[in-house]
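>>> Sequence first, predicted coordinates after that:
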Amino acid sequence: MSHSQLHPLQVNPATGEPYLRLGSPLENIILTPQRPSDVAYNVPILNNPDVVRWLEGLPYPYTPSHAESWVSSVIEESDAILRELREASAKDPEAPLKIVGGCPVRILREIKEDGSEVYLGDIAFRRCEYLHVAHEERLRLSEENARRQVGDPALVWCIGYYLASSHHGRGIMTMALRTLLSAWAIPRMGVRRIRAEVFMGNIGSVRVFEKNGFVLDRTLEIESPNCLGEMMPGCYILWWEHP
């Protein structure tokens with residue numbers, strides 16, 4: 001396969017796996033596709049209250065069965081994007097870079113001095129479904145957004161992520177989002193608008209977004225449960241638009 005359509009991803013010469021390296025001073029952290037072996041690392045992170053307190057929509061307790069199902073679905077999505085790029089490259093190796101509907105690398109891994117890797121977390125873009133919006137309005141906005149074609153500047157995206165608590169407070173997610181935005185989301189997905197939803201109290205995530213140019217739009221004081229079943233008092237809505 002010609003790797004031109006993978007730009008700006010690099011390819012591990014030993015495994016053939018594409019990856020994206022974070023910027024300085026976090027060059028020892030890379031983003032890769034999901035792997036089947038990640039199941040074992042997913043479970044403890046997503047059973048840690050310090051992580052899942054700020055998440056919603058995931059089962060808790062989080063079992064190996066949950067992880068296996070999730071990992072399989074993410075691998076399928078990544079494989080589909082890579083297959084689309086492979087087919088585009090085979091059809092015309094000199095064609096302009098193709099705009100695609102997702103990013104095939106989303107799993108954060110720390111590379112140690114001995115070459116071993118540590119699973120850190122996940123960050124992914126998805127079409128916005130307008131959570132924390134009144135039901136009828138949510139349906140209307142979600143359906144409109146779902147009909148938009150990949151690359152449409154009006155298409156609104158959302159971001160979901162988590163990071164192992166052992167690596168909180170190091171600027172990793174700030175740099176991961178910055179790297180994905182500049183290297184992939186903007187040039188390879190045509191992302192122009194992003195809506196971020198953050199539970200009230202999660203100041204760390206608010207800072208991650210604000211450091212990447214997101215602007216606080218409003219605070220919705222509507223109670224909703226987190227993954228632990230705790231009722232959260234509301235959420236912050238932040239927006240980012242491509243300059």
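In hand now; what should we look at?

>>> center of this structure, which residue is that?
Ala124 (1.4 Å; Cα atoms, centre = their mean).

>>> Which strand in this protein has the most residues?
For the chain, the strand with the greatest residue count under DSSP state E is strand 117-127.

>>> who does it touch, helix- and strand-wise?
On a contact count with 3 or more Cβ pairs under 8 Å, 6 or more residues apart in numbering; DSSP states H and E, strand 117-127 meets helix 39-45, strand 107-111, strand 156-163, helix 172-180. Where C-beta positions appear, they are placed from N, C-alpha and C, glycine not excepted.

>>> How far off centre is stretch 226-234?
What separates the centre of stretch 226-234 from the centre of its chain is 22 Å, taken as Cα atoms, centre = their mean, to the nearest Å.

>>> Could you do stretch 128-145 as well?
The answer for stretch 128-145 is 20 Å, by Cα atoms, centre = their mean.

>>> Just the buried residues of it, please?
128-131, 133, 141-142, 145 (16 or more other Cβ atoms under 10 Å).

>>> likewise stretch 17-24?
17-22.

>>> Where do the strands of the protein begin and end?
Counting by DSSP E, the strands of the chain are 10-11, 18-21, 29-32, 107-111, 117-127, 156-163, 193-199, 215-220, 224-225, 231-232, 235-241.

>>> Which residues outside the second one are in contact with it?
Spelled out, it's strand 18-21. 6, 8-12, 27, 29-33, 82, 104-105, 179-180, 183-184 (Cβ atoms under 8 Å, 6 or more residues apart in numbering).

>>> partner strands of it, parallel or antiparallel?
Counting by DSSP bridges, the strands paired with strand 18-21 are strand 10-11 (antiparallel), strand 29-32 (antiparallel).

>>> what's the spacing between Asp152 and Pro96?
Asp152 is 18 Å from Pro96, where distance means Cβ to Cβ, to the nearest Å.

>>> Please apply the same query to Val71.
33 Å.

>>> Arg188 now?
From Arg188 over to Pro96 (counting by Cβ to Cβ), the distance is 11 Å.

>>> what residue ranges in the chain score low on pLDDT?
Along the chain, segments meeting pLDDT under 70 span 1-3.

>>> And the lengthiest helix in the chain, what does it pack against?
Secondary structure assigned by DSSP state H gives helix 64-91 as the longest helix of the chain. For helix 64-91, the elements it packs on are helix 39-45, judged by 3+ Cβ pairs under 8 Å, 6+ apart.

>>> Can you list the neighbours in contact with the helix it packs on?
Against helix 39-45 from outside (Cβ under 8 Å, 6+ apart): 51, 62-64, 66-68, 70-71, 119, 121, 162, 164-165.
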